[in-house]
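**Student:** Sequence below, structure please.
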Amino acid sequence: MDGIAESKRSAAPARVPRATDPIIARMFFPLPRTATAPFCPSEVKGSVAVPQDLPFGRKLLRYAGPGLLVSVGYMDPGNWATDIEAGSRFGYGLLFVVLLASLAAMLLQTLCVRLGLVVQKDLARACREHYSPRVSRFLWLGAELAIVACDLAEVLGSALALHLLFGVSIPVGIGITAFDTLLVLGLQGAGFRRVEAIVLGLVGTIAGCFVVELAMSQPNWFGVAMGFAPSFERLQQPGALYLAIGVVGATVMPHNLYLHSSIVQTRLVADSDAARREAVRFCTFDAVFSLSLALLVNAAIMVLAASAFHSTGHVEVTEIDDAYRLIEPIVGSAFAATLFGIALLASGQSSTFTGTIAGQIIMEGFLDLKIPCWQRRLITRGLALGPAFLGVWWFGDGGVGKMLVLSQVVLSFQLPFAMWPLIRFTSSRALMGGFANGTLVKLLAWGLFGVISSANVWLVASTVLGGL
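**Tutor:** Predicted coordinates:
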């Protein structure tokens with residue numbers, strides 16, 4: 001396969017030639033610098049060749065990347081509000097919820113890997129081909145709502161970070177986030193691997209900031225270890241179950257299921273069961289490793305809140321800006337607060353790329369409609385700016401935390417509508433052949449669907465009844 005690709009590249013003219021199958025053409029010819037959709041799914045499918053004769057280490061690096069882009073959604077600003085409140089109120093006691101939610105996410109994302117690599121279709125396109133137009137449009141509207149809700153969290157998180165770091169007002173910070181479309185334009189023709197490298201840098205920034213902050217806050221590591229042990233008694237404390245469900249809703253993101261099933265197809269795999277099986281193994285490892293990093297980041301946020309706030313008697317810290325202001329006097333270093341703000345800003349911006357790609361996947365898959373990525377970004381951000389400005393005007397600057405929680409409620413409500421088709425498709429032998437889910441995976445997946453659906457219904461009902 002590598003030799004064929006090399007010979008076609010050497011014979012290629014300076015521009016992409018016409019071909020009966022544009023996807024095949026893009027497998028072997030690089031996109032021109034003037035392409036209008038630099039990292040949109042249809043433009044990069046099969047763009048990263050993985051020759052079979054590569055050594056194990058280099059092959060692993062070639063497959064690495066899609067899982068990292070997905071992991072960004074598991075550490076976005078929406079997660080911060082629930083993790084900080086859980087840590088400040090219950091100390092290390094709810095760390096096991098973060099662990100279980102992350103394990104659930106790993107299971108779902110590995111199903112996405114199988115669907116994308118074996119069927120060569122993303123979840124959105126598979127839904128359009130197997131369901132009626134009415135059902136597909138319903139699923140599309142729900143997925144778009146989830147994208148906007150996620151982008152709302154990114155807007156609020158980035159605006160809050162700008163407010164904390166530079167003193168700009170929240171409305172001004174929200175306005176500044178509108179210009180992140182320029183980041184997408186700046187990557188015109190840059191290639192998918194460069195996007196993965198940028199996200200790696202942002203994720204590394206977030207992780208590095210929290211490593212330093214944990215060292216400064218000096219947590220009780222024995223208490224941290226005990227917090228990872230599941231305990232239903234801790235969930236019986238007043239408010240603990242509500243926060244636990246909020247953590248789950250903030251962790252498992254529905255748009256990531258559409259995203260992951262598409263971007264694994266950027267790896268060019270030989271047309272054989274053996275090659276596909278190897279690709280599934282490597283991409284599964286990539287997903288598990290990346291989501292383990294997201295698990296550590298989410299756990300670090302809760303541990304930081306527990307060690308800095310709960311252990312010092314500040315058990316009512318529920319807002320991100322309150323956490324920022326309290327870290328300096330409690331930890332005894334202004335540098336800790338600055339790192340906190342930088343990590344929050346990196347968290348919001350890293351989701352810019354994945355949100356754009358996920359939105360494009362959903363639009364192309366459900367509607368078979370293609371527009372340039374910068375236009376897609378402009379539409380998504382435009383839809384998120386309205387609720388952000390309205391929420392700040394209605395609730396004031398102190399309402400950012402409420403809106404972040406609300407965005408997670410919307411995401412949690414949408415999740416079962418993405419899980420149902422994913423589990424059905426990957427369990428179908430007619431569609432997956434020998435790669436279909438086994439009995440154990442089916443039981444785990446459907447059991448997870450039942451638990452998350454029930455928990456989300458309870459969360460939404462409690463939120464409505466609570467007047468949030």
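**Student:** Let me see the ranges of the strands in the chain.
**Tutor:** Under the criterion DSSP state E, the chain contains strands at 48-49, 267-268.
**Student:** Quickly run through the sheet partners of the last one, with directions.
**Tutor:** Yep, that's strand 267-268 we're talking about. Applying DSSP bridges, strand 267-268 is found paired with strand 48-49 (parallel).
**Student:** Let me see the mean pLDDT of the strand it pairs with.
**Tutor:** Across strand 48-49, the average pLDDT comes to 74.
**Student:** Nearest residue to G173 in space, ignoring adjacent ones along the chain?
**Tutor:** Distances taken as Cβ to Cβ, 6 or more residues apart in numbering place A159 nearest to G173, at 3.2 Å, with adjacent residues excluded. (C-beta placed from N, C-alpha, C; glycine too.)
**Student:** same question but for L367, I mixed them up
**Tutor:** Spatially, and ignoring its direct neighbours in sequence, L367 is nearest to W140 (6.7 Å; Cβ to Cβ, 6+ apart).
**Student:** Return the residues in contact with the one you found.
**Tutor:** Contacts for W140 (Cβ atoms under 8 Å, 6 or more residues apart in numbering) come out as A124, I362, F366, L367.
**Student:** what sits against the third one?
**Tutor:** Taking Cβ under 8 Å, 6+ apart, we find F366 in contact with A124, R125, C127, R128, S136, R137, L139, W140, A143.
**Student:** Please indicate which of those are buried?
**Tutor:** A124, R125, C127, R128, S136, L139, W140, A143 (16 or more other Cβ atoms under 10 Å).
**Student:** The third one and G365 touch, don't they?
**Tutor:** Read it as C127. Yes: contact criterion Cβ atoms under 8 Å: C127 and G365 qualify, at 7.2 Å.
**Student:** and among the strands of the chain, the most buried is which?
**Tutor:** Of the strands of the chain, the one with the most neighbours on average (mean count of other Cβ atoms under 10 Å) is strand 267-268, at a mean of 20.
**Student:** related to what we said a few turns ago, just flag the most distant two among the contacts of F366.
**Tutor:** Spatially, the most separated pair among those is R125 and R137, at 14.3 Å (Cβ to Cβ).
**Student:** Against V203, how distant is the closest residue to A207 other than its chain neighbours?
**Tutor:** Setting aside the residues directly before and after it, A207 is nearest to V297 in space (Cβ to Cβ, 6+ apart), at 5.9 Å. Per Cβ to Cβ, to the nearest Å, V297 is found 8 Å from V203.
**Student:** Common neighbours of those two, please.
**Tutor:** With contacts defined as Cβ under 8 Å, 6+ apart, the residues shared by V297 and V203 are M75.
**Student:** The residue nearest to G173: neighbouring residues, count only.
**Tutor:** Residues lying near A159 (other Cβ atoms under 10 Å) number 27.
**Student:** show me the contacts for it.
**Tutor:** A159 touches I170, G173, I174, I176, T177, A388, V400, counting by Cβ under 8 Å, 6+ apart.
**Student:** rerun that using 6 Å as the cut-off
**Tutor:** Applying Cβ atoms under 6 Å, 6 or more residues apart in numbering to A159 gives the contacts I170, G173, I174, T177.
**Student:** can you redo the residues you listed as JSON lines with distance to S454?
**Tutor:** Output for the contacts of A159, formatted as JSON lines (distance: Cβ to Cβ, whole Å):
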{"residue": "I170", "distance to S454": "36"}
{"residue": "G173", "distance to S454": "37"}
{"residue": "I174", "distance to S454": "35"}
{"residue": "T177", "distance to S454": "35"}
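**Student:** Mind putting those into JSON lines with neighbour count, distance to E316 and pLDDT?
**Tutor:** What follows is these, written out as JSON lines (neighbours: other Cβ atoms under 10 Å; distance: Cβ to Cβ, whole Å; pLDDT from 0 to 100):
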{"residue": "I170", "neighbour count": "22", "distance to E316": "21", "pLDDT": "85"}
{"residue": "G173", "neighbour count": "25", "distance to E316": "25", "pLDDT": "86"}
{"residue": "I174", "neighbour count": "24", "distance to E316": "26", "pLDDT": "84"}
{"residue": "T177", "neighbour count": "24", "distance to E316": "29", "pLDDT": "82"}
